[in-house]
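In: A predicted structure for the sequence below; I have some questions about it.
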Amino acid sequence: MSEHDDPAAEVPRKHPHAKPHEPFVSAGAESTRELREMARRRRDAEEKLQQHLLEAEAKEKPVED
């Protein structure tokens, strides 16, 4: 009996419904990734700007006692 006859010796396979992956990143996928990254950075910058504006506004208002 050879190693090819033993079903237990088979290499475990990936999930049968696993999505096959391309060995390279297509130009469309790369541009989409870049757009998402730019949008994320823009959202982060807008959030940071809003926080700075709120802090500046709080400093300008006199404290009423």
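Out: Right, received. Where do you want to start? Numbering: from 1, shown residues only.
In: Helices of this structure, residue ranges please.
Out: 27-60 (DSSP state H).
In: which residues of the protein score low on pLDDT?
Out: In the predicted model, the chain carries pLDDT under 70 at residues 1-25, 62-65.
In: let's see it at 90
Out: For the chain, the stretches flagged by pLDDT under 90 are 1-29, 60-65.
In: wait, what's in contact with T32?
Out: Contacts of T32 were listed using Cβ atoms under 8 Å, 6 or more residues apart in numbering, and none were found. C-beta: built from backbone N, CA, C; applies to glycine.
In: how close does it get to A39?
Out: Separation of T32 from A39 (Cβ to Cβ, to the nearest Å) stands at 11 Å.
In: Equivalent analysis for E57, please.
Out: E57 is 27 Å from A39, where distance means Cβ to Cβ.
In: Repeat that for L49.
Out: L49 sits 16 Å away from A39, taking Cβ to Cβ as the criterion.
In: How many neighbouring residues does A56 have?
Out: Neighbour count for A56, taken as other Cβ atoms under 10 Å: 9.
In: Please report how far it lies from R42.
Out: Relative to R42, A56 is positioned 21 Å away (Cβ to Cβ).
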